[in-house]
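> Predicted model and sequence below, questions to follow.
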Amino acid sequence: MRKPLLAGNWKMYKTPADTKAFFEKFIPLVAASAHAEVAICPPFVAIAAAVDAAAGSNVGVGGQDCYWTNKEGAFTGEVSPAMLKAAGCEWVIIGHSERRQFFGETDESVCKKTVAAIEAGLRPIVCVGELLEERESGRTNDVLKTQFDGGMAPLTAEQFAQIVIAYEPVWAIGTGKVATPEIAEDAHKVIRSLVEAKSGKTAADAVRILYGGSVKPDNVKGLMAQPDIDGALVGGASLKAEDFAGVVNF
Ligand code: PEP
């Protein structure tokens, strides 16, 4: 049985004060949500506030990106997985499409970051997903395979067992155009079959694959009813405590 994971990606929203206010509202709304794991990934500067506010609750905290080694060094602007761990994070998002589109993230850097995050004791949420033109030209499965082969396939079986995969079709992120449960399920099946081909059925059955892209309280139930959808990575709807609690309590 794969326990659902509902993770919020706050992107570049919320100050430490906003974070404190969010958690004050949110924690009571999900305190009884034992059916799922819950995580919030705030901007780096709000992680300390989130960790403080989430202490003793069932909500974990994560980063939205990390550097690809844990050794300290002259890398201005970067934050290592070990630093995230020391700050109280459990999770880290890696390879989000906004990092790929705007900040030069590649499958190779995704792989290096994922390994470094696992070495630091974090649980990486590794994102894949196709652009609209790639879907429209029938290349979705090829894109998923390329991203999987470059970003995750090099992991050892032990490393692979630590990751969560997020399928996020880029055309559905922040657009309000959620994938239908059937479209999402098809892609999740493809990803699970890639895992099976590389690592066998036990690994494929165990890995959680989240859907991300315009998930809201009113569409989460249909997505979660699909056999291969094990949770959601949520942007916009994770910014309001009531909305994200509605997603968590699908
Ligand atoms: C995301 O940022 O990962 C995301 C899925 O955003 P949204 O839910 O706003 O589409």
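Here it is on my side, so go on.

> mind checking pLDDT for the closest residue to residue 119 other than its chain neighbours?
Spatial nearest neighbour of residue 119, excluding adjacent residues (CB to CB, 6 or more residues apart in numbering): residue 70 at 6.0 Å. Glycine gets a C-beta too; all of them are placed from N, C-alpha and C. If you check residue 70, the pLDDT there is 98.

> List the contacts of residue 70.
Counting by CB atoms under 8 Å, 6 or more residues apart in numbering, residue 70 touches 80, 81, 82, 116, 119, 120.

> Which pair of these spans the longest distance?
Greatest spacing in the contacts of residue 70, by CB to CB: 80 and 119 (10.1 Å).

> Could you check which of these two is surrounded by more residues?
Taking other CB atoms under 10 Å, residue 80 and residue 119 do not tie; residue 80 has more neighbours (22 against 15).

> which residues in this protein form strands?
Along the chain, the segments classed as strands by DSSP state E run 5-9, 37-41, 59-63, 91-94, 123-128, 164-167, 209-212, 231-234.

> Can you add distance to residue 158, mean neighbour count and mean pLDDT and give the ones you listed back as JSON lines?
Listed next are the strands of the chain as JSON lines, based on distance: least, CB to CB, whole Å; neighbours: other CB atoms under 10 Å; pLDDT from 0 to 100:
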{"stretch": "strand 5-9", "distance to residue 158": "20", "mean neighbour count": "25", "mean pLDDT": "98"}
{"stretch": "strand 37-41", "distance to residue 158": "20", "mean neighbour count": "25", "mean pLDDT": "98"}
{"stretch": "strand 59-63", "distance to residue 158": "21", "mean neighbour count": "24", "mean pLDDT": "98"}
{"stretch": "strand 91-94", "distance to residue 158": "18", "mean neighbour count": "26", "mean pLDDT": "98"}
{"stretch": "strand 123-128", "distance to residue 158": "13", "mean neighbour count": "26", "mean pLDDT": "98"}
{"stretch": "strand 164-167", "distance to residue 158": "15", "mean neighbour count": "26", "mean pLDDT": "98"}
{"stretch": "strand 209-212", "distance to residue 158": "19", "mean neighbour count": "26", "mean pLDDT": "98"}
{"stretch": "strand 231-234", "distance to residue 158": "22", "mean neighbour count": "28", "mean pLDDT": "98"}
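
> is it possible to export those strands to TSV including distance to residue 194?
What follows is the strands of the chain, written out as TSV (distance: least, CB to CB, whole Å):
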stretch	distance to residue 194
strand 5-9	20
strand 37-41	23
strand 59-63	24
strand 91-94	17
strand 123-128	10
strand 164-167	9
strand 209-212	10
strand 231-234	19
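
> pLDDT at residue 1, what is it?
With respect to pLDDT, residue 1 scores 85.

> number of nearby residues for it?
Count around residue 1 with other CB under 10 Å applied: 4.

> gap between it and the ligand?
Distance of residue 1 to the ligand, computed by CB to the nearest ligand atom, to the nearest Å: 25 Å.

> what does residue 79 give?
Residue 79 is 19 Å from the ligand, by CB to the nearest ligand atom.

> Likewise for residue 77?
Here the criterion is CB to the nearest ligand atom. By it, residue 77 lies 21 Å from the ligand.

> I'd like to know how many residues surround that residue.
For residue 77, the neighbour count with other CB under 10 Å is 5.

> Just want the residue of the protein that's nearest the ligand.
Closest contact between the chain and the ligand, by CB to the nearest ligand atom, is at residue 235 (2.2 Å).

> Not counting its neighbours along the chain, what's nearest that residue?
residue 9 is the one closest to residue 235 (CB to CB, 6+ apart), at 5.1 Å.

> Let me know the pLDDT of the residue lying farthest from the centre of the chain.
The centre of the chain is farthest from one residue, residue 74, which by CA atoms, centre = their mean lies 27.8 Å away. Residue 74 is assigned 98 on the pLDDT scale.

> returning to what we had before: looks like the residue nearest to residue 235 contacts residue 94 (just checking).
No. Using CB atoms under 8 Å, residue 9 makes no contact with residue 94, being 11.7 Å away.

> Thanks again, I'm all set now.
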